[in-house]
Structure formats: structure tokens, C-alpha cells
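K.L.:
Sequence below, structure please.
(2 chains)
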Amino acid sequence: MVYDSIANALIPTPASNPKDFNKKKRVNRTAKLKQSKLDVRREQWLSQVSIRFDVNWLFGVFIVKNKGCKEENRGTDRAKTRASDMHPSNEGETRTIGKLVINRGGEENDGLMNHYSDWESPSNSPTSHTSSLASNRSVTNFTGGSSSRSSSSSSGGCYSGSMTEEDDGDDGCLDDWEAIADALAADEIKSDHNVSPEPQVHDHNINPEPVETVKDDRVQVNRRAWRPDDAFRPQGLPNLLKQNSFPMNSERNHGCGAWGFKNTGLTPVPTTCPICCEDLDLTDSSFLPCPCGYRLCLFCYKRILEDNGRCPGCRKQYEQPEQGIASSKLARSYSMIPSR
Amino acid sequence: MVDFGRVQKELQDCNKDINVSGISVNPKFDNLINLIGTIPGPVATPYEGGTFKIDIDLPDAYPFEPPRMKFATKVWHPNISSQSGAICLDILKDQWSPALTLKTALLSIQALLSAPEPDDPQDAVVAQQYLKDYQTFASTARYWTESFAKTSSLGVEDKVQKLVEMGFPEGMVRSTLEVVGGDENLALEKLCSG
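P.N.:
Model prediction:
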């Protein structure tokens, strides 16, 4: 676990300073204390998480409930840590174990919402609940929890004096979240936004962006068509004037050659669909639905097929076999796009 | 839904070479569905010298369906109704292709003016006259052109004066009148809109 390595890494740093023996001793003692505490906490958390999720699984796992549980866990855990700072670790352990057991009892009760209402008005709960034993247990748990919680929140200022403790607490928290996240992932439940294993995964995440940009560049190059007024247009390029299927558009059309992709007809590929005036993409440009060479975008082609099915260029009916070939071509070119 | 991108582009492209073709298309109102096209009467025909206005309504499925066109100017022609201005032209019906444009349709109408098809008439009376007494037909057509499609020079001056009195600069008034084919109301609309 990350937890142990951090604790180990932190301990020798102050211990290696031989100047102040007292300080060293104190540090050693706190280190030992901390180590035992960490072990206890780890065990406790492993068991607690598994128990909680078993219980949750039994009662049907709800996101809201989980969230509530986590927050509760966090609160009690913090309180426990602070309590165990002041008490011997054994007491902390017993206390937490006791709490854990009680918690289980509470879990087996009606659910989290009841706990909170019990907590707010503990005097009402024994009478208002049908299962008085369970509710009693939950009440004891939550009165205890509330006291430790309130004490922890009030003593927050003095507690924050030690940096290592703070770090440990944060790490512990992260560990908890990790464990919960793992459990949630195992249960195939989308957890809430707080559970994010990203910091750990991030380093291993190799960004594939450079490759993509290269590919994009290439596509751009392929798509590029020379306009007649383009300053960078090579002088050697022929001035293609034959695209007169859309006479209004002729000045736009004659400048573009089909450089970079297959030029099947004698007529050059127009840059825009003559029907809808939208730009032709790579698929559209390589799409030749009629032997007459009249090109159009796939949307307009489909629209015409739904209508009378005649080529706008020659008014001949689009041939059915041609249509089949065209659609298979289409499917292939579509399947090629994501693989690029 | 009319493809407004395409219509917009057609209007731009058509009005770009208005000096060469003499054909223009302008919005009738504040939309791109009701348009007014103007074509000059072809030379060496009874329609020479006239400017003919054509009402254009674009159907929702344009350009997959043909634009609805009819003469707003009265014309004496076998294939054009002398009453309603309805045009009998195959490309405006079953021979329409989405590859055609408003401009090419107007060009076709202009070609129809110079090459009537009396065997497939819209106006039977005119078609009969065309077949039986071409001279009478020609003079009637010329007379109609003079009466309805031509704006006499005096008339133009009157309109210019009227519009100048409204406060528009004379040069602008003349050019606008020319663009809209001499219709003073259309010119006023155009001047007001911009």
C-alpha cells in the first residue's frame, strides 16, 4: 500500500537527526505509535469496507446510501484518529472495533436515514421504532459518534499542528476512497464524483495525442484543394474548366483537382455539393453514384433516392446495382474512418 | 424546409453577373421564399426591349422540387398564359433537376420566349394565332411588350423624379430602377431596405 511506504519514508527523516536525543526519542515513540495505529487502521478499513459492502449488497446498494456511509466513515475515522492521539493505541483499537460492531448493528437496522433521525432526537427513537433493540444500538452508536465527532471538529485547530499527521490522514482518506472505489467497481456501480482513482492512474496513462495530430495533419493535406485564387497554387496545375454541371458554381469548381485521392472520372471533384452547397468530405468526394460523373454529397443522394431516384446531372435513373455497390463502398469507407 | 444556404448562394451568384446575363433574382418580401426574377426580352423577337418580371415561390423541398414560377408581366406567348402568366415549361415540372438553379430556370424561360412551342401550348388562343397568323401574333406580342414590359424613357424619368423628390440620390435611384426592371414600387422598397 502507498500508506506504509509514506509512513516509512517519513519516519527516518526526523530520526536521522542526532542533535536532540529527546526529540528523537519522542519521534521514535510517535513513529511506533503511528505504525501500530496505521496497521490497525488498515486492518480495520479492510474489514470495515468489506463488511459494509457486504451489508450494502444484502440490502441493495444505493448511491445515496453509499455516500452517506462514506461520509460517516470519514467522520468517525477522523474522530478516532484524533482520539487515539491522546490515548494509547489499544484503546483506539477497541473503541473502533466496538464502533464497527455497533455500526454493523446499525446497518442492519432500517437504513441510514433512520440513523440520522435517531441521532437528532435520540430520546424518541426507542419508542418510535418497532425493533427497539436494533434502534437502541444505533442510538448508542450515534450518540457516541456525535460526541467524538463534535470534539474532533472543535479540536480541529490544535490537531492541524503536525504535518505528518495531516498527510497520513489525507492518505488514509485516499486509501479509503480507493478501497471504496475498488469495491464499487467490483459491484459495477458508478460511484460519485469524489471517488476518483485518477491520481494513481494518471502516471501510467500514455497520451496518444501526438499520433493523432499527425494523422489529422495528413487528413488536412489530403482534403486540401487548390482554389484558382490561391496564392500557393502551383503554376503547373491545369485549369480544369469541365465541371459545368452547376454552371453558377463553375468559378468555384474548376480550380479544384482531386489530388491525394482517387480521381475516377474525367470531371474534377467539386469542393462543394452542387445541390446543397455544403462542403464535400472525403467520403463524398470519392463517391461516384452515376456513370455520367455527376457528383453530389451522400445526403442529397439519399434524398434523391427517396424521391425519384434520378441523377441530377443526366436525369437517368440511378441503377440499382450501382446503388448496391455504392452502399457497400459507403460502408467500407465509413468503417475506414475510425481506424485512421 | 427550403435550403436557404443554397438560395442565398444562388441569389449572390446570379446577381454577380447581372450585367452579362441581364437576369436578376431578388427577394420579394423579407424572406427567401418569395422572389422576383427579371429577364430581358431576347433580341430579334417581339419581346425585345421588354423587361419581364417573374414571380418565384420556392417550395419547401427546393431544390429537390422545382421552383414555382409565373410571369408577373403580361406576355403574349403560346406557352405562357395571357391571363395568369402560368408557364408551360418541362423543367419547371417533371424535368426539373436539383442541379438546375433559379438562374438556369430563368435562362430557360428566356429561351422559351425566343423559341415558342405552339404544339404544346399553355394559351390555346395565342398558339392558334401563332400557327395560323404569325404576323398578327408578332404584332400583338410586340404591342404587349410595349404596353406591359417596357418602361418608356419618359416614364423612367418620371419615376426617377418621383423617387428623387422622396429624398434618394439620383444615381442610386436610376441604378435601383434598372435592377428591379423599372418598377417604381420595387425600387422604393429596395431603396428603403438598403
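K.L.:
drop to CA atoms for contacts and neighbour counts, all remaining ones
P.N.:
OK.
K.L.:
Three-state assignment for the residue in chain A positioned nearest to chain B, please.
P.N.:
Closest contact between chain A and chain B, by C-alpha to the nearest C-alpha, is at A:Pro312 (5.0 Å). Three-state call for A:Pro312 (DSSP: H, G, I helix; E, B strand; the rest coil): coil.
K.L.:
Surely it touches B:Thr101?
P.N.:
No - at 11.4 Å, A:Pro312 and B:Thr101 do not qualify as touching, with contact defined as C-alpha atoms under 8 Å.
K.L.:
Flag the shaky bits of chain A, pLDDT-wise.
P.N.:
Confidence mapping of chain A against pLDDT under 70 gives the ranges A:1-30, A:33, A:47-269, A:320-340.
K.L.:
Which segments of it make up each domain?
P.N.:
Chain A breaks down into these domains under automatic domain parsing: A:2-202, A:209-339.
K.L.:
Which parts of the helix or strand of chain B with the lowest mean pLDDT count as buried, going by neighbours?
P.N.:
Taking mean pLDDT, DSSP states H and E as the measure, helix B:153-165 is the helix or strand of chain B with the lowest mean score, a mean of 76. By neighbour count with 16 or more other C-alpha atoms under 10 Å in any protein chain shown, helix B:153-165 contains the buried residues B:Val156, B:Lys159, B:Val160, B:Gln161, B:Leu163, B:Val164.
K.L.:
Next SSE downstream of that helix?
P.N.:
Heading C-terminal from helix B:153-165, the first helix or strand you meet, by DSSP states H and E, is helix B:170-179.
K.L.:
Quick check: phi and psi at the nearest residue to A:Leu298 once chain neighbours are set aside.
P.N.:
Leaving aside its sequence neighbours, A:Leu298 sits nearest to A:Asp284 (C-alpha to C-alpha, 6 or more residues apart in numbering or on different chains; 6.1 Å). Phi and psi for A:Asp284, reported as degrees, to the nearest 10, are phi -60, psi -40.
K.L.:
ranges for the helices of chain B?
P.N.:
B:4-16, B:18-21, B:102-114, B:124-132, B:134-144, B:153-165, B:170-179, B:184-193 (DSSP state H).
K.L.:
Identify the residues contacting the last one?
P.N.:
For helix B:184-193, the surrounding residues in contact (C-alpha atoms under 8 Å, 6 or more residues apart in numbering or on different chains) are B:Lys159, B:Leu163, B:Phe168, B:Val173, B:Thr176, B:Leu177, B:Val180.
K.L.:
can you check the shortest one too?
P.N.:
Applying C-alpha under 8 Å, 6+ apart, the set of residues contacting helix B:18-21 from outside is B:Ser24.
K.L.:
Restrict that helix to CA atoms and write it as PDB.
P.N.:
Output of helix B:18-21 as PDB, limited to C-alpha atoms (Å, rounded to 0.1, in the frame of the first residue of the first chain):
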ATOM      1  CA  ILE B  18     -26.300  40.700 -63.900                       C
ATOM      2  CA  ASN B  19     -24.600  42.900 -66.400                       C
ATOM      3  CA  VAL B  20     -23.800  39.900 -68.700                       C
ATOM      4  CA  SER B  21     -27.000  37.900 -68.400                       C
END
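K.L.:
Run the chain-centre distance for that helix.
P.N.:
Offset of helix B:18-21 from its chain centre (C-alpha atoms, centre = their mean, to the nearest Å): 14 Å.
K.L.:
do the same with the last one
P.N.:
In terms of C-alpha atoms, centre = their mean, the gap separating the centre of helix B:184-193 from the centre of its chain is 17 Å.
K.L.:
Provide a list of residues in contact with B:Tyr62.
P.N.:
B:Met1, B:Val2, B:Asp3, B:Pro98.
K.L.:
Swap in 10 Å and give it another go.
P.N.:
A:Ile275, A:Cys276, B:Met1, B:Val2, B:Asp3, B:Phe4, B:Arg6, B:Val7, B:Ile33, B:Arg68, B:Pro98, B:Thr101 (C-alpha atoms under 10 Å, 6 or more residues apart in numbering or on different chains).
K.L.:
close enough to count as contact, the third one and B:Asp60?
P.N.:
Meaning B:Met1. Yes - if you go by C-alpha atoms under 10 Å, B:Met1 and B:Asp60 touch, sitting 4.6 Å apart.
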